[in-house]
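K.L.:
Please find the sequence and the predicted model below.
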Amino acid sequence: MVKITARAVILQKEQIYLRNLNHMDSNLVISRLITFYNNDQFSKIYTLLAPEFQEVFTEESVIDFYKNEVKRILGEVIYWKHITDDNDTAEYLVDFREGELSLKVIVTADNLIEYHEWAPVSKEEVILNARDPLTIRSNNPKQTKLHRFIDKKAIQYLRDPDNRGLSIGLINGTYTETFFYGETKGGNNTLPDSQSLYEIGSISKTFTAIILSHAVHQGKIKLRDDIRKYLPGNYPNLQFEGTPIKIVDLSNHTSGLPGIPANLEDHPDYDMDNPYHNYSREMIYEYLRDFVPDELPGLRAEYSNLGFAILGIILENAYQVPLKTLLQEIITAPLEMTDTSFDVQKKHKAFLTTGYNDEEGKDVAYWDMGTFKAAGGLKSNINDMITYLRANMEDYNKDISLSHQETDLQPGFGRGLAWIVQFLNDAVIIWHNGGTAGFRSFCGFSKERQAAIVVLSNSSKDVDSLALEILLHLIQNQ
C-alpha cells in the first residue's frame, strides 16, 4: 500500500510516492531522471530510487508507469525548471510535448530519490458570470465546522453557472447526514432531495464486481478462468503468447482491452449523443474475434469500459438471466435499495434530475448503456447510495468483502474487483467515481475510520476533489 495525499488520490495514474538536502542536489537527480526518460531508458530511472522506494515497487512497475502512463500520453520532456523549496522538498515544473506536470522530490544525501510526486499543475480556475453564492439554494444548516466546510466546497463548485446541483451524503460511525444544493433542473429552483435520481456512471462497475464475487462464491465462475470459457464461438487470437485474458483481468482493468472498442462508431446506427445505445452483444463478439492482444494480460492497467461490458455479458451467460435480475437478487433487494436500477420505473421518472454538460452548460439526455450497462448503466439516489456505502464499509456479506480484496497493484494505488484502494493521508480508503455526458459521481469509505462519502452531481464537472477534501476533513476531525 502506498501513502498518498488527498490531492493525489484523484491522480491515480500520475504519481509514485514514498522524501532533498538542497535543490542543487535535486537538480542533478532530476536532470538524470529526465535524460533517462527522454531516451527511453526507463530501467535506469529505477536505479535513481532509494532502497525504501524499491522495496515497495518493482522495476517492472516503475518502467510501466513512465513508459505507458506518462510518456505514451504526454510525450518527451521539452523543458523543466526548479520552482521552489518547502523544507526538504523541491518542486519542479516539467513541460512535456503534450502537457505539463508538477514534480515534487526529496533526495537522500547520496542523491537517490526517496520521495517523488507527479501531479497536474494547479491553475486558478476562471469562472465567467459566476453565481452569487447567496442565490445558491441549500438545506445545509451550517451549524458545525464540518457543515461550514461542506458549504464552502459546494458553493465553490456551484458558483460555475454551468453546474446545477449536488447531493452529498456522509457517514460518520452510526451517524448519517445529507446535504443538498442547487437545482434538479436549471431554472426550476427545486432543491434536490433524498429521492432525486442521478446517473452514477462507472460506480456501476462496483455493483458488477459484487455480482461477480457472488458468482465466484457460488462456483459459477473462477477469477482465474479464461474469459473464452463463457463466450460463444471461437476466439483463437484472444491470448498473448499462450496466456489468455482471465476474468480477474476484466475486473481490475489489466486485460489489455481498450477503453472502448475501435469499431464503436463504425456502424450506421451510431449516435454521438448516446454512444453505447446501438452497440450490440454481437458487435462485441465480432470485435473480440478480430482483437489480438499485444501485451501480457494481468500486468498493465488500462481503464476499460469494454472489459466490464464483457464481464456483464459473461455473468449473464453464466446465470442465463439478465444482469438486472442478478442486480436485484444479489444486491438491491437484500439491501432494500428500491431506487437503484438500470431502467427507472415510470412512477420514479419524476425524480430524475436533468444532467448538464459543464463545458457548454447545455442539458443532455440520459445515456442508454445497452450492452455496456455493467460498466456504467445505473441510476440511483443519495438514500440508496448511503445504504450501499454502509454495507460496503461494514462488510455486509462475503460477496462485498471479496470485491474489496486487492487483485492488482499499480504505482500509487491498488485495485480490488473494480474498487480502487489507496491511502488518504493515514487512512485506507476504498473508492470509485463515475461520469456520463451530464453527471458526475464519487463514493468512498474507510473501514477503519467508519467514515464514508457519496457525492452526486447533475453536471459533467468532476466532483472527486470536492468529495475527497470533505472526506479527509471528516476523518481528521472525528
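P.N.:
Thanks, I have it.

K.L.:
measure G444 to E76 for me?
P.N.:
To E76, G444 is 35 Å away according to Cβ to Cβ, to the nearest Å. From N, CA and C alone the C-beta is placed, and that goes for glycine too.

K.L.:
the more surrounded of those two?
P.N.:
Counted by other Cβ atoms under 10 Å, G444 and E76 do not tie: G444 has more neighbours, with 26 against 13.

K.L.:
What strand or helix carries the more buried one?
P.N.:
Secondary structure from DSSP states H and E places G444 in strand 440-446.

K.L.:
Tell me the first helix or strand C-terminal of that strand.
P.N.:
Past strand 440-446, further along toward the C-terminus, the next helix or strand under DSSP H and E is strand 451-457.

K.L.:
residues making contact with the following helix or strand past that next one?
P.N.:
Taking DSSP H and E as the definition, the helix or strand that follows strand 451-457 towards the C-terminus is helix 464-476. The set of residues that contact helix 464-476 without belonging to it, under Cβ atoms under 8 Å, 6 or more residues apart in numbering, is 6-7, 9-10, 146, 149-150, 153-154, 156-157, 168, 170, 172, 424-425, 427, 429, 433, 442-444, 446, 449, 451-455.

K.L.:
buried ones in stretch 68-85?
P.N.:
Neighbour-count burial for stretch 68-85, counted by 16 or more other Cβ atoms under 10 Å, picks out 68-71, 74, 77, 80.

K.L.:
With stretch 416-428 instead?
P.N.:
Here stretch 416-428 shows 416-424, 427-428 as buried, counting by 16+ other Cβ under 10 Å.

K.L.:
And stretch 89-109, by the same measure?
P.N.:
89-92, 94, 96, 100-108.

K.L.:
got it, and stretch 258-277?
P.N.:
Within stretch 258-277, the residues that qualify as buried are 258, 260-261, 264, 274-276, counting by 16+ other Cβ under 10 Å.

K.L.:
In a markdown table: those residues, plus secondary structure.
P.N.:
Formatted as a markdown table, the buried residues of stretch 258-277 follow (DSSP: H, G, I helix; E, B strand; the rest coil):
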| residue | secondary structure |
| --- | --- |
| P258 | coil |
| I260 | coil |
| P261 | coil |
| L264 | coil |
| N274 | coil |
| P275 | coil |
| Y276 | coil |
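
K.L.:
show me what contacts H348?
P.N.:
For H348, the contacting residues are 197, 339, by Cβ under 8 Å, 6+ apart.

K.L.:
Which of the buried residues of stretch 68-85 fall within helices?
P.N.:
Per DSSP state H, helices hold the following members of those: L74.

K.L.:
Can you lay out the buried residues of stretch 68-85 as JSON lines showing pLDDT?
P.N.:
Formatted as JSON lines, the buried residues of stretch 68-85 follow (pLDDT from 0 to 100):
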{"residue": "N68", "pLDDT": "87"}
{"residue": "E69", "pLDDT": "85"}
{"residue": "V70", "pLDDT": "90"}
{"residue": "K71", "pLDDT": "89"}
{"residue": "L74", "pLDDT": "86"}
{"residue": "V77", "pLDDT": "87"}
{"residue": "W80", "pLDDT": "83"}
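
K.L.:
and the buried residues of stretch 68-85, which of them are in strands?
P.N.:
With DSSP state E as the criterion, strands contain 77, 80 from among the buried residues of stretch 68-85.

K.L.:
Let's have the buried residues of stretch 68-85 in JSON lines, adding distance to K220.
P.N.:
Supplementary listing: the buried residues of stretch 68-85 in JSON lines, determined by distance: Cβ to Cβ, whole Å:
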{"residue": "N68", "distance to K220": "33"}
{"residue": "E69", "distance to K220": "34"}
{"residue": "V70", "distance to K220": "39"}
{"residue": "K71", "distance to K220": "41"}
{"residue": "L74", "distance to K220": "42"}
{"residue": "V77", "distance to K220": "49"}
{"residue": "W80", "distance to K220": "52"}
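
K.L.:
tell me which of the buried residues of stretch 68-85 is nearest to R300?
P.N.:
When the buried residues of stretch 68-85 are ranked by distance to R300 (Cβ to Cβ), N68 comes first, at 5.8 Å.

K.L.:
pretty sure that closest one is touching R300, no?
P.N.:
Yes. With the criterion set as Cβ atoms under 8 Å, N68 and R300 qualify as a contacting pair; they are 5.8 Å apart.

K.L.:
so where's the protein shaky on pLDDT?
P.N.:
Within the chain, the ranges that satisfy pLDDT under 70 run 1-25, 122-125, 411.

K.L.:
and which of the buried residues of stretch 68-85 is nearest to Q41?
P.N.:
When these are compared against Q41 (criterion: Cβ to Cβ), the nearest one is K71, at 11.5 Å.

K.L.:
Okay, the nearest residue to the closest one once chain neighbours are set aside and A301: tell me how far apart.
P.N.:
Once its chain neighbours are removed from consideration, K71 has its nearest residue in Y37; the separation is 6.8 Å (Cβ to Cβ, 6 or more residues apart in numbering). Y37 is 20 Å from A301, where distance means Cβ to Cβ.

K.L.:
Those two: which has the busier surroundings?
P.N.:
When Y37 and A301 are compared on other Cβ under 10 Å, the one with more neighbours turns out to be A301, at 23 against 20.

K.L.:
ok, that one - contacts?
P.N.:
Taking Cβ under 8 Å, 6+ apart, one finds 13, 252-254, 408, 410, 415 in contact with A301.

K.L.:
All good on my end, thank you.
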